[in-house]
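S.K.: Quick one, structure for this:
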Amino acid sequence: MTGFRDSQAALVVALVGGSHVVNHMYYMLLPPVTVAAAAELGVGVARIGLAIGVLGAVVTGLQLPFGHLSDTRGRTPMLALSLGFGAIGAVLTATATTYVQLLFAQAVLGVGIAGHHPAHYPLLSAATDPGTRGRAFSVHGFTGAVGFAAPPAIVAGVVTLGYGWRTALGLIAAVGVVYAVVCVGAFRRYVDDGITAPSDTSRADEAWTLSRITDLPGRAFASLREMLTDRGIVLVTVLWLITSIAAWGIKTQTLPLLTEVYGLSEATGNTLVSVMFVAGAVLMFGGGWLTDRTSPGVVLAAGYIGLVAVTAALATAMLPVVAVIGLTLLLASTIDYSRPARATLADRFSTGEDIGKNFGLVTIGISGGAAIAPPVLGWLSETYGVATSFGAMAGLGVVCLGLTAVVLRVGQPGATPTPQPGDD
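M.R.: So this is what the prediction gives:
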């Protein structure tokens, strides 16, 4: 963790990174075991997909309420809620014996996952100074990529050893339970209150009553109305939504492009896709470093220009195999590399009191892309061919370039935000 101003910052970045790994492992519990779970529960594969959709809906719906809680009640309680409900939901998912139980388990898991961004980003912002914050966000992005990649490998390993899918999910749940205890304990014992305390202290002394709990959605959506008057954070959210659509297009359409258009075998295509995501995760560190030393706008422009160039070239369906392999390895990096810059923009558009809510809004944009891209780009690919969907992604890159220019002009992100405890 060299490069951060002190051991406190390094500790927070490490603990939040571990939490990101765990939460993204939870996100990927069911996809690697879809067929096996469907067969054992006596339902179709589409029903398992619906269960995953329930999780996504809960995560999206709770972003604003949990952002409000992070700002008004503190970041450690939100982190504890996230890891606690996530662990419970993972255990329930691993032990579900009926489809109804699985739906309930995924809903509980969604409550846990929903809390991680509203806790993580404010903690990173509070613990780091502006000169290292981009690198902190890049570590956060890298650990999230590790979390997405881990469950398929764990499931494959456990099944190879002769155990079932429930054992694999139970192992992931056990890791989550242990980490929840260690992480929350470390925050309470070793991290300064100035980093974990509420940023909005106007309601910190109010007691929790039933009326306050039931009024939480109303408070959250009142905050939403207020946030929608902030053009900067709204534009960043839209930028992240469009970027997320392109990113999920890459996740779902790259393998079909390699096999159906360029004639690679499925094994070779899967290997390339895996290496592509690893490359993207690694280059996130470079994006964070450049964000700290140049500006978010420069990093975003470079990333989106790369997205347009790579997807447009692949969409021609005329490249030699060597070029296809090289461009595929760069494909995810065009978006992953600039993730720290997008997070930095959201941080700069936030004051000390609204950062949790703002990152909750931004996360709605991220999860919205996951909901939109698979069906829309899947239909486009099925109707007009996979290459057409890559042409559409190139178009999204052009839109993102234009929107970045608007964000920089309208939002004036160069302005210094309200200082965080980690700011010098």
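S.K.: Could you measure from the nearest residue to residue 324 once chain neighbours are set aside over to residue 22?
M.R.: If the residues on either side of it in the chain are set aside, residue 324 comes closest to residue 262, at 5.1 Å by CB to CB, 6 or more residues apart in numbering. Quick note: C-beta positions are derived from backbone N, CA and C, even for glycine. Counting by CB to CB, to the nearest Å, the gap from residue 262 to residue 22 is 36 Å.
S.K.: out of those two, which sits in the busier spot?
M.R.: Shown here are residue 262 and residue 22; by other CB atoms under 10 Å, residue 22 has more neighbours (29 against 20).
S.K.: Now the more buried one: which helix or strand?
M.R.: helix 7-27 (DSSP states H and E).
S.K.: list the helices and strands the helix or strand following that helix packs on?
M.R.: Past helix 7-27, heading to the C-terminal end, the next element that is a helix or strand (DSSP H and E) is helix 34-41. Contacting helix 34-41 under the criterion 3 or more CB pairs under 8 Å, 6 or more residues apart in numbering; DSSP states H and E are the following elements: helix 45-61, helix 99-114, helix 165-190.
S.K.: quick one: the helices in the stretch 101-250 of the chain?
M.R.: Chain-ordered helices for the stretch 101-250 of the chain, with DSSP state H, counting those that start in this stretch as the definition, fall at 116-127, 133-160, 165-190, 193-196, 210-214, 216-227, 231-256.
S.K.: quick one: the helix holding residue 22 to helix 165-190, angle?
M.R.: Orientation of helix 7-27 against helix 165-190 (axes from the mean of the first three to the mean of the last three CA atoms, to 10 degrees) gives an angle of 160 degrees.
S.K.: how about the CA coordinates for helix 7-27, as PDB?
M.R.: What follows is the C-alpha trace of helix 7-27 in PDB, where atoms were taken according to Å, rounded to 0.1, in the frame of the first residue of the first chain:
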ATOM      1  CA  SER A   7      -0.700   3.700   7.700                       C
ATOM      2  CA  GLN A   8      -4.200   4.600   8.500                       C
ATOM      3  CA  ALA A   9      -5.000   5.300   4.900                       C
ATOM      4  CA  ALA A  10      -3.300   2.100   3.800                       C
ATOM      5  CA  LEU A  11      -5.300   0.100   6.400                       C
ATOM      6  CA  VAL A  12      -8.600   1.600   5.200                       C
ATOM      7  CA  VAL A  13      -7.800   0.900   1.600                       C
ATOM      8  CA  ALA A  14      -6.900  -2.700   2.400                       C
ATOM      9  CA  LEU A  15     -10.000  -3.400   4.500                       C
ATOM     10  CA  VAL A  16     -12.300  -1.800   2.000                       C
ATOM     11  CA  GLY A  17     -10.600  -3.700  -0.800                       C
ATOM     12  CA  GLY A  18     -11.200  -7.000   1.100                       C
ATOM     13  CA  SER A  19     -14.900  -6.100   1.600                       C
ATOM     14  CA  HIS A  20     -15.200  -5.400  -2.100                       C
ATOM     15  CA  VAL A  21     -13.800  -8.900  -2.900                       C
ATOM     16  CA  VAL A  22     -16.300 -10.500  -0.600                       C
ATOM     17  CA  ASN A  23     -19.300  -8.500  -1.900                       C
ATOM     18  CA  HIS A  24     -18.500  -9.200  -5.500                       C
ATOM     19  CA  MET A  25     -18.100 -12.900  -4.700                       C
ATOM     20  CA  TYR A  26     -21.600 -12.700  -3.300                       C
ATOM     21  CA  TYR A  27     -22.800 -11.100  -6.500                       C
END
